[in-house]
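> whatever this is, show me its structure:
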Amino acid sequence: MKKLFLLSLSLFTVAISCNGQISFDINYHENLNVDSSQFDYEYKYFLTNNAVDPADTLFQWTITHKTKQKDWYDYVIVPLNSYEEPIDTYDFRLASDSEWFARLAFANFTTPGYGRMTLKVTSKMHPNIWDTATLVIHARDLVSIEQPNEFDFDVYPNPVPDYLNVKSEPGATYKLTNMLGNSLYEGTLYKRNNILDVSDCTSGVYYLEVRKDNSTNVVKILVGSR
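Okay, the predicted model is just below:
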């Protein structure tokens with residue numbers, strides 16, 4: 001009887017997951033050479049409601065992570081509305097097999113620098129169903145700097161089960177973040193060949209950001225099952 005109950009519970013959980021599938025067309029966009037003389041930079045993401053349950057039409061979005069220069073401001077444009085510096089949670093409806101969009105943007109690049117913003121959409125019927133869209137930019141003075149300083153950089157294996165090899169110039173700093181933009185590990189790469197232990201990370205997609213002087217490299221890391 002106990003086994004039958006557990007099996008029924010598992011099937012119920014799978015049914016919930018299948019009835020609430022939503023997905024962005026792209027989860028991550030970066031431009032590390034934005035001209036700081038521009039007023040703003042934005043990227044448009046499309047979300048599709050693939051839910052099997054036609055009643056699963058009410059969703060909410062919020063900004064879960066934001067990093068930017070102090071004099072920049074950010075905004076989000078969605079159908080019929082525009083939000084400057086959004087801090088709340090916003091509801092919207094999206095019918096099954098329909099599409100919704102969100103534009104993420106940074107503006108007023110009076111100070112060159114780095115910006116990152118992550119938007120999360122969640123099903124209100126099934127809160128365990130969600131997806132994210134992340135925008136990463138680096139605004140630079142491209143008039144005086146034709147190209148950013150480049151440095152030797154490589155990571156392997158990818159996907160990685162437990163230990164990630166990172167080849168970089170000594171002295172570079174690194175930060176590993178999850179899909180929500182939360183920092184998990186950060187530090188300094190003191191050698192040319194380094195090993196990062198990611199065995200504590202659950203299977204999924206992460207982003208490794210490595211910086212050296214005025215140059216930044218970001219690579220998507222897939223942590224696989226062990």
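
> helix or strand for the residue sitting nearest the centre point of the chain, just tell me which one.
The residue lying closest to the centre of the chain (CA atoms, centre = their mean) is Thr134, at 3.7 Å. Assigned by DSSP states H and E, Thr134 belongs to strand 130-140.

> just checking: what are the partner strands of that strand?
Counting by DSSP bridges, the strands paired with strand 130-140 are strand 28-35 (parallel), strand 113-123 (antiparallel).

> quick one: those strands as a markdown table, columns for mean pLDDT and mean neighbour count too.
All C-beta atoms are positioned from the backbone trio N, CA, C, and that covers glycine. Converted to a markdown table, the strands paired with strand 130-140 look like this (pLDDT from 0 to 100; neighbours: other CB atoms under 10 Å):
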| stretch | mean pLDDT | mean neighbour count |
| --- | --- | --- |
| strand 28-35 | 87 | 15 |
| strand 113-123 | 94 | 21 |
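
> so for Ser168, which of the ones you listed sits nearest?
When the strands paired with strand 130-140 are compared by CB to CB, strand 28-35 sits nearest Ser168, at 15.9 Å.

> and the helix or strand that that closest one is followed by, average pLDDT?
Tracing the chain C-terminally past strand 28-35 and defining elements by DSSP H and E, one meets strand 40-49 next. For strand 40-49, the mean per-residue pLDDT is 93.

> quick one: strand 40-49 to strand 113-123, angle?
20 degrees (axes from the mean of the first three to the mean of the last three CA atoms, to 10 degrees).

> residues of strand 40-49 that come out buried?
41, 43, 45, 47-49 (16 or more other CB atoms under 10 Å).

> one more: stretch 66-82?
Buried residues in stretch 66-82, counted by 16+ other CB under 10 Å: 66, 68-69, 72, 74-78.

> can you tell me the SS state at the residue nearest to Pro54 when sequence neighbours are not counted?
Nearest non-adjacent residue to Pro54, counting by CB to CB, 6 or more residues apart in numbering: Ser96, 5.1 Å away. Assigned by DSSP: H, G, I helix; E, B strand; the rest coil, the conformation of Ser96 is coil.

> contacts only, for Ser96.
49-54, 56-57 (CB atoms under 8 Å, 6 or more residues apart in numbering).

> nearest to Val166, of the buried residues of strand 40-49?
Checking the buried residues of strand 40-49 against Val166 with CB to CB, the nearest one is Tyr43 at 27.3 Å.
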